[in-house]
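>>> sharing a model that was predicted from the sequence below.
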Amino acid sequence: MTLARRTFLGGSAALTALAAAGPVRAQASAGTSAADFFGPGDGIAMLARNENPYGPAPSALRAASEAATKGCYYSDRGLRMLHEMIAERHSVSPEQVVVGEGSTEILSAIALAWGREGAILCPGLFWDTTVQYGERQGVTARRIPLAGDMNVDIPAMTAACDDSVSLVQICNPNNPTGMLVDAASLRALAAAVTPGATLLVDEAYNELADDPAGNTLVDLVREGQDVIVCRTFSKIYGMAGMRVGYAITSEENAERIRSHMMSFGGNTCGLAAAIASYNDIGFLEQSRAAILEGRAMILDAAARSGLTALPSQTNFVYVEVPDADAVQAAMRERGILIRPAYGEWTQYSRVSTGKLEDVARYAAALPEIIDGLRA
């Protein structure tokens with residue numbers, strides 16, 4: 001089965017279990033609020049979607065609440081402010097920044113804009129939902145198998161980049177493996193492919209890597225290389241449902257991306273939350289600490305269960321198991337939602353770091369489940 005056959009959300013057993021936690025009725029019952037219909041149901045440990053339940057930051061929540069009172073107005077001024085803040089941090093011009101409804105919108109626009117000019121070259125396993133979107137619109141994707149250690153095969157991707165390729169896309173750190181392509185290899189890839197193609201690096205999990213500054217390619221953008229870096233407020237900032245993401249690239253590339261985006265302006269509350277928390281260092285440090293603690297708990301549980309886990313630089317871990325779908329089903333019976341298998345990778349199970357008490361439930365259940373599968 002090819003990876004293109006899977007979908008990020010459609011048909012997910014995790015979603016089925018979430019829906020089973022309680023029906024959504026046309027009218028909220030007494031004692032409920034609109035907020036009750038978001039997030040996992042009571043008793044559900046949500047460890048399937050790489051969300052950060054420790055966000056949004058208090059600063060973001062205050063800003064979003066205040067901005068809601070001005071929800072009758074379009075968001076132009078706030079959008080400009082966020083462009084300027086991102087540009088200042090990364091020493092680029094605001095015109096080099098693209099803000100979208102999550103990085104998903106931006107990545108989808110890139111798939112269309114570049115995919116209509118040539119093929120998209122990408123790894124055989126990565127978060128390819130936006131590439132699949134392009135394929136549904138007629139874009140061609142060329143997938144290169146992972147290396148033997150499950151990391152992105154940079155030499156193979158370099159060798160496969162010919163005149164028919166318009167875009168080389170990777171996710172670094174990668175999803176679902178959690179592994180990081182080292183900076184030297186990534187820069188070698190950029191040097192090799194950018195004379196003829198654009199290099200797109202989805203850095204959604206960059207802030208969770210051991211050395212975020214050393215593993216970004218934003219400096220190549222500043223140098224004028226044909227590189228696009230995408231980031232999101234969904235992960236370290238804990239704003240997955242507020243839909244704010246951005247790209248940093250050349251002014252020419254930025255304009256090309258904007259020409260293929262479907263929305264304009266932005267969500268007032270989401271933008272306000274992003275502006276308020278972008279430089280909230282205290283929250284970011286606390287959020288990162290909780291995520292790393294949860295990651296360590298998952299790695300320890302895997303080791304105690306006699307399992308091997310790939311080295312993660314993200315808020316999830318890819319654990320080698322006897323049967324990923326069987327592990328997912330057994331966890332679901334215990335109210336713990338993790339990912340089922342990704343396509344042909346049936347012996348790898350991805351589990352996210354959620355609330356620490358939920359991670360503890362997973363850690364306690366894993367040895368028992370694995371023992372049962374081995375019996």
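Now that the structure is in, tell me what you want to look at. Numbering: from 1, shown residues only.
>>> and the residue most central in space within the chain, what does it touch?
Nearest to the geometric centre of the chain sits Ala204, at 4.9 Å (C-alpha atoms, centre = their mean). Contact analysis of Ala204 by C-beta atoms under 8 Å, 6 or more residues apart in numbering lists Ser103, Trp127, Cys171, Asn175, Cys230, Arg231, Thr232, Ser234, Lys235. C-betas here are computed from N, CA, C, even on glycine.
>>> skip the chain neighbours and tell me the closest residue to the second one.
So that's Trp127. Asn175 (4.2 Å; C-beta to C-beta, 6 or more residues apart in numbering).
>>> touching, the one you found and Asp128? I think so.
No: the criterion here is C-beta atoms under 8 Å, and Asn175 misses it with Asp128 at 9.5 Å.
>>> now do the helices in the stretch 151-300 of the chain.
Per DSSP state H, counting those that start in this stretch, the stretch 151-300 of the chain carries helices over the ranges 154-160, 183-193, 218-222, 251-258, 268-277, 281-304.
>>> tell me the mean pLDDT for the third one?
It stands for helix 218-222. Mean pLDDT, computed over helix 218-222, is 98.
>>> mind checking how far that helix is from the chain centre?
How far helix 218-222 lies from its chain's middle: 21 Å, per C-alpha atoms, centre = their mean, to the nearest Å.
>>> may I have that helix exported as CSV, CA atoms only?
Extracted C-alpha coordinates of helix 218-222, given in CSV (Å, rounded to 0.1, in the frame of the first residue of the first chain):
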residue,chain,number,x,y,z
VAL,A,218,15.7,30.5,7.6
ASP,A,219,19.3,31.8,7.2
LEU,A,220,19.3,30.4,3.6
VAL,A,221,16.2,32.5,2.9
ARG,A,222,18.0,35.6,4.2
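>>> which helices and strands sit right next to that helix?
Contact here means 3 or more C-beta pairs under 8 Å, 6 or more residues apart in numbering; DSSP states H and E; on that basis helix 218-222 packs against helix 76-90, strand 227-232.
>>> reformat these as TSV; add distance to Cys122 and mean pLDDT.
Listed next are the helices and strands packed on helix 218-222 as TSV, based on distance: least, C-beta to C-beta, whole Å; pLDDT from 0 to 100:
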stretch	distance to Cys122	mean pLDDT
helix 76-90	25	97
strand 227-232	14	98
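>>> please, where are all the strands along the protein?
45-46, 97-100, 119-123, 141-144, 165-171, 198-202, 227-232, 245-248, 308-309, 316-320, 336-337, 348-352 (DSSP state E).
>>> now mean neighbour count and distance to Ile281 too, for these, in JSON lines please.
Output for the strands of the chain, formatted as JSON lines (neighbours: other C-beta atoms under 10 Å; distance: least, C-beta to C-beta, whole Å):
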{"stretch": "strand 45-46", "mean neighbour count": "21", "distance to Ile281": "27"}
{"stretch": "strand 97-100", "mean neighbour count": "24", "distance to Ile281": "21"}
{"stretch": "strand 119-123", "mean neighbour count": "24", "distance to Ile281": "33"}
{"stretch": "strand 141-144", "mean neighbour count": "19", "distance to Ile281": "38"}
{"stretch": "strand 165-171", "mean neighbour count": "24", "distance to Ile281": "26"}
{"stretch": "strand 198-202", "mean neighbour count": "26", "distance to Ile281": "24"}
{"stretch": "strand 227-232", "mean neighbour count": "25", "distance to Ile281": "17"}
{"stretch": "strand 245-248", "mean neighbour count": "24", "distance to Ile281": "19"}
{"stretch": "strand 308-309", "mean neighbour count": "16", "distance to Ile281": "30"}
{"stretch": "strand 316-320", "mean neighbour count": "25", "distance to Ile281": "24"}
{"stretch": "strand 336-337", "mean neighbour count": "28", "distance to Ile281": "32"}
{"stretch": "strand 348-352", "mean neighbour count": "27", "distance to Ile281": "24"}
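>>> you'd agree Glu207 is up against Arg288?
Yes: between Glu207 and Arg288 there is a contact at 7.0 Å, judged by C-beta under 8 Å.
>>> find residues that contact each of these two.
Ile236.
>>> which of the helices and strands packed on helix 218-222 sits most buried?
Compared across the helices and strands packed on helix 218-222, strand 227-232 shows the largest average neighbour count, a mean of 25 (mean count of other C-beta atoms under 10 Å).
>>> list the helices and strands that one packs on?
Strand 227-232 packs on helix 102-115, strand 198-202, helix 218-222, strand 245-248, going by 3+ C-beta pairs under 8 Å, 6+ apart.
>>> TSV please, covering those and showing distance to Ala296.
Listed next are the helices and strands packed on strand 227-232 as TSV, based on distance: least, C-beta to C-beta, whole Å:
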stretch	distance to Ala296
helix 102-115	27
strand 198-202	25
helix 218-222	28
strand 245-248	28
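>>> to Phe264, which of the strands of the chain lies closest?
Counting by C-beta to C-beta, Phe264 lies closest to strand 97-100 out of those; the figure is 9.9 Å.
>>> which helices and strands does that closest one pack with?
Using 3+ C-beta pairs under 8 Å, 6+ apart, strand 97-100 is in contact with helix 76-90, helix 102-115, strand 245-248, helix 251-258.
>>> the ones you listed: which one's closest to Asp42?
Taking the helices and strands packed on strand 97-100 one by one with C-beta to C-beta, helix 102-115 is closest: 27.1 Å.
>>> buried stuff in that closest one?
By neighbour count on 16 or more other C-beta atoms under 10 Å, the buried set for helix 102-115 is 102-115.
>>> that helix vs helix 268-277, what angle?
Counting by axes from the mean of the first three to the mean of the last three C-alpha atoms, to 10 degrees, helix 102-115 lies at 100 degrees to helix 268-277.
>>> shouldn't Gly71 be in contact with Thr268?
Yes: look at Gly71 against Thr268 with C-beta under 8 Å: they come within range, at 5.4 Å.
>>> out of these two, which sits in the more crowded spot?
Neighbour totals were compared for Gly71 and Thr268, and Thr268 leads with 20 against 11 (other C-beta atoms under 10 Å).
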